[in-house]
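one predicted model, sequence on top.
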Amino acid sequence: MKISVDPERCYGSGDCVYRVPSVFTEVDGFGAVVPGREDTGDDPLVREAAERCPSQAIVIS
């Protein structure tokens with residue numbers, strides 16, 4: 001499963017980076033997926049980060 005961060009929805013809380021720093025990073029103050037980690041949507045920690053994202057910007061498809 002692929003994971004991405006919708007830049008239109010993200011407001012830069014940093015919660016994803018705090019929860020799973022091996023998968024998420026900040027770019028210009030907003031959440032982003034670390035290059036090469038886009039296929040980690042099956043990871044339970046990534047799913048939790050998506051569920052708890054305050055702006056609901058993390059997309060798992």
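Received, thanks. These figures come from a predicted structure and were not determined experimentally.

measure the nearest residue to Ile3 once chain neighbours are set aside to Glu48 for me?
Leaving aside its sequence neighbours, Ile3 sits nearest to Gly41 (CB to CB, 6 or more residues apart in numbering; 4.4 Å). Quick note: C-beta positions are derived from backbone N, CA and C, even for glycine. Distance of Gly41 to Glu48, computed by CB to CB, to the nearest Å: 12 Å.

between the two, who's got more neighbours?
Gly41 (19 against 12; other CB atoms under 10 Å).

strands of this protein, residue ranges please.
3-5, 24-27, 30-33, 58-60 (DSSP state E).

can I assume Asp39 is in contact with Met1?
Yes. Contact criterion CB atoms under 8 Å: Asp39 and Met1 qualify, at 7.3 Å.

who's in contact with the residue nearest to Ile3?
If you count contacts by CB atoms under 8 Å, 6 or more residues apart in numbering, Gly41 has them with 1-3, 47, 60-61.

highest neighbour count among those?
Busiest of those [other CB under 10 Å] is Ile3, holding 24 neighbours.

wait, doesn't that one sit right on Ala57?
No. Judged on CB under 8 Å, Ile3 makes no contact with Ala57 at a distance of 11.1 Å.

what's the burial count for Pro21?
Look at Pro21: counted by other CB under 10 Å, it has 10 neighbours.

my error: substitute Val46 in the last question.
Neighbour number of Val46 under other CB under 10 Å is 23.

from Ser4, how far off is Ser61?
8 Å.

so how far does stretch 50-57 reach from one end to the other?
8 Å (CA to CA, to the nearest Å).
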